[in-house]
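In: Quick check, what structure comes out for this input:
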Amino acid sequence: MRPRVTLHMMSSIDGRIATAGWPISVDAGEAYEMLHRDLRSDAWLVGRTTMAAFADGEARPVVTDQSYPRQTWKAAGAGMAPYAIYLDRSGHLHLNRERVNGDALIAVLTTAVSDHYLAELRRDGISYIFAGEADLDLSRALHILRTEFGIETLLLEGGGAINGAFLGGDLIDEVSLLILPIADGKPDVPTTFDDNLEGARPLDFISAENLDGGILHLRYRVLSGRPGTST
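Out: This is a model prediction of the structure:
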C-alpha cells in the first residue's frame, strides 16, 4: 500500500515550469502555497535540485570511519507529519538543517550512498530511507513512507523528470495544476511532465476555479489506463 499522491504544480499555458524570465506582474506564489496548505497532505516531495534552495549555508560534509546499516533511520524530531521529502539517489545534497518550513525532513536514498553522507544526515537530524541499489524505486519509496512513517497523503511537487517518472509508474492519483496567464514557448526547458516513457495517460476532470490575476486552478483524476487499453 502507498500514500495517495496528488501532483501539485504551476505552469505557463504551454506547460513550461521554469519561471526565469516570466513577467513579474504575474505572481502565483501566494496562490500556490495557499492551495498547498488547503490540500492538507501528510508530506510533500521534491527532487534534489528543488530542495537545494532550502540549504542553510555552505556544505559541511562529515568524514567517518563508521559503517551504517542500509535501513530506515528516524531522527528524534520526526515523530509526526507533515514531512518534507526529497529524492537524492547518490547523496549529494547538504542541507545543514532538520526541518524545512517547519516540516521534518526525510531523504530518499539508494544503498550506494556513502557512510560519510549517512553520518551527515544523522548529525543534521534528517531521517532517511533506502529505495533501490543504484536507481531509485519510487514505488518502493512510497510503500516505505506509508508503512514506516504513516504517510497516507502526499503532494508531489517535483520537476518534469520526476513527475514523468511518477506518472509512468502509475503513482499519481490526482493532478492539481495552476495555469498562469503566460505564454512561454522557450525550447528545451522543463515541462510539467518530462521523460514519461510509458506514453499518454487519460485524465478525468474534477473542477476548474478562476483565481485572482487570471490564474486558473484545474483538478483531474489520473486514470489507470495506458495507451491502447480500455479504462
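In: Spit out the contact partners of Val189.
Out: Arg16, Ile17, Ala18 (Cβ atoms under 8 Å, 6 or more residues apart in numbering). Glycine gets a C-beta too; all of them are placed from N, C-alpha and C.
In: Which member of the residues you listed is positioned nearest Leu87?
Out: Among those, Ile17 lies closest to Leu87 (Cβ to Cβ), at 16.8 Å.
In: With Leu105 as the reference, measure out to that closest one.
Out: Between Ile17 and Leu105 the computed distance is 23 Å (Cβ to Cβ, to the nearest Å).
In: which one of these two has more residues nearby?
Out: Taking other Cβ atoms under 10 Å, Ile17 and Leu105 do not tie; Leu105 has more neighbours (24 against 19).
In: Report the beta-bridge partner residues of that one.
Out: Per DSSP bridges, residues listed as beta-bridge partners of Leu105: Ala84.
In: doesn't Pro82 make contact with it?
Out: No - if you go by Cβ atoms under 8 Å, Leu105 and Pro82 don't touch, sitting 11.0 Å apart.
In: What is the subsequent helix or strand relative to the helix or strand bottoming out on mean pLDDT in the chain?
Out: Of all helical and strand segments in the chain, the minimum by mean pLDDT, DSSP states H and E falls on helix 29-38, at a mean of 91. Downstream of helix 29-38, the first helix or strand assigned by DSSP states H and E is strand 43-47.
In: Indicate each strand paired with that next one and its parallel or antiparallel sense.
Out: Per DSSP bridges, strand 43-47 is paired in its sheet with strand 83-87 (parallel), strand 153-156 (parallel).
In: got the contact list for the helix ranked longest in the chain?
Out: When the chain is scanned for its longest helix (criterion: DSSP state H), the result is helix 138-149. Residues outside helix 138-149 that contact it (Cβ under 8 Å, 6+ apart) are 1-3, 5, 43, 72, 74, 78, 81, 83, 85, 87, 106, 108, 127, 129, 131-132, 151-152, 154, 165-166, 169, 171.
In: which among these end up buried?
Out: Buried members of these, scored by 16 or more other Cβ atoms under 10 Å, are 2-3, 5, 43, 78, 81, 83, 85, 87, 106, 108, 127, 129, 131-132, 151, 154, 165-166, 171.
In: on that earlier part again, can I get the strands paired with strand 43-47 in CSV with mean pLDDT and distance to Val63?
Out: What follows is those, written out as CSV (pLDDT from 0 to 100; distance: least, Cβ to Cβ, whole Å):
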stretch, mean pLDDT, distance to Val63
strand 83-87, 98, 23
strand 153-156, 98, 34
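In: Which one of the ones you listed lies nearest to Val222?
Out: That would be strand 153-156 among the strands paired with strand 43-47, by Cβ to Cβ, at 11.1 Å.
In: Extract the CA atoms of the closest one and return them as PDB.
Out: These are the backbone C-alpha positions of strand 153-156, laid out as PDB (Å, rounded to 0.1, in the frame of the first residue of the first chain):
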ATOM      1  CA  THR A 153      -1.400  11.600   1.500                       C
ATOM      2  CA  LEU A 154       1.500  13.200  -0.300                       C
ATOM      3  CA  LEU A 155       1.900  16.200  -2.600                       C
ATOM      4  CA  LEU A 156       4.300  15.600  -5.500                       C
END
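In: ok now the next helix or strand after that strand, how far from the chain's centre?
Out: Tracing the chain past strand 153-156, the next element assigned as helix or strand by DSSP H and E is helix 160-168. Centroid separation for helix 160-168 versus its chain: 10 Å, with Cα atoms, centre = their mean, to the nearest Å.
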